[in-house]
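**Student:** below are the sequence and a predicted model; questions follow.
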Amino acid sequence: MKVGFFGGTFNPPHIAHLVAAESVRDRLKLEKILFVPAAMPPHKIKEKIVPASHRLQMVKLAISGNPSFDCSDIELNREGPSFTIDTIRELKKSYSDYDLYLIIGVDLLMDFETWKMPEEILKECTVVAMNRPGFDLASVEKNLLLRVELVNVPGIDISSTSIRRRVKSGRSIRYLVPLQVEDYIRAKSIYM
């Protein structure tokens with residue numbers, strides 16, 4: 001059996017996250033995809049990030065209609081930066097009967113060698129890299145490309161950054177995020 005691990009800041013989760021995850025699940029025949037909000041992403045330590053409790057709740061709302069999607073607070077319960085290798089090792093304890101698939105955007109392969117223990121990540125799970133709009137695979141090291149599974153997903157050019165800007169400026173985010181997420185953002189006055 002196969003389970004996917006889709007980590008991220010999810011600040012906020014949006015439609016492109018859901019479409020990409022479902023595309024990977026369908027293409028690779030994964031039984032489940034775990035969305036794992038990062039408590040403290042090592043590469044975003046200096047950024048202002050909405051509290052983890054809000055991001056976790058928004059992810060739960062975003063995935064609520066898909067029985068193949070689940071959410072894990074595994075990184076939120078751990079001190080310090082959210083290193084992928086630590087999460088993989090913890091997940092393998094809970095999902096010991098599963099093959100684990102780490103789902104990332106292909107753009108993250110550019111600095112993959114700077115991650116904590118990249119070789120161990122490649123040994124512990126299958127790394128799945130999804131295409132990203134406007135990203136050229138030629139900028140990724142060829143040896144690394146041979147060690148990951150590439151999956152084409154529909155190219156939806158939505159970013160959490162643009163959604164935060166739209167909310168801050170009073171613009172609509174309808175159809176960029178699930179309605180429940182939009183309602184939560186408005187009710188909690190997040191990003192305003």
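**Tutor:** Sure thing, it's come through.

**Student:** give me phi/psi at the residue lying farthest from the centre of the chain?
**Tutor:** Farthest-out residue of the chain from its mean C-alpha position, per CA atoms, centre = their mean: residue 170, at 26.1 Å. The phi/psi pair for residue 170 (degrees, to the nearest 10) reads phi 80, psi 20.

**Student:** mind checking pLDDT for it?
**Tutor:** Residue 170 is assigned a predicted lDDT (pLDDT) of 96.

**Student:** where's it relative to residue 95, distance?
**Tutor:** The gap separating residue 170 from residue 95 is 43 Å, by CB to CB, to the nearest Å. Backbone N, C-alpha and C define where each C-beta goes, glycine included.

**Student:** where does the protein have low pLDDT?
**Tutor:** 41-47, 133 (pLDDT under 70).

**Student:** ok, which stretches of it are helices?
**Tutor:** Using DSSP state H, the helices of the chain run over 15-28, 52-63, 84-94, 118-124, 142-145, 160-168, 179-188.

**Student:** who touches the longest one?
**Tutor:** Which is helix 15-28. Residues outside helix 15-28 that contact it (CB atoms under 8 Å, 6 or more residues apart in numbering): 2, 4, 6, 8, 10, 30, 32-33, 35, 62-63, 66, 68-69, 101, 103, 128, 130, 149, 151-154, 156-159, 175-178.

**Student:** out of the helices of the chain, which is the most enclosed?
**Tutor:** helix 52-63 (a mean of 21; mean count of other CB atoms under 10 Å).
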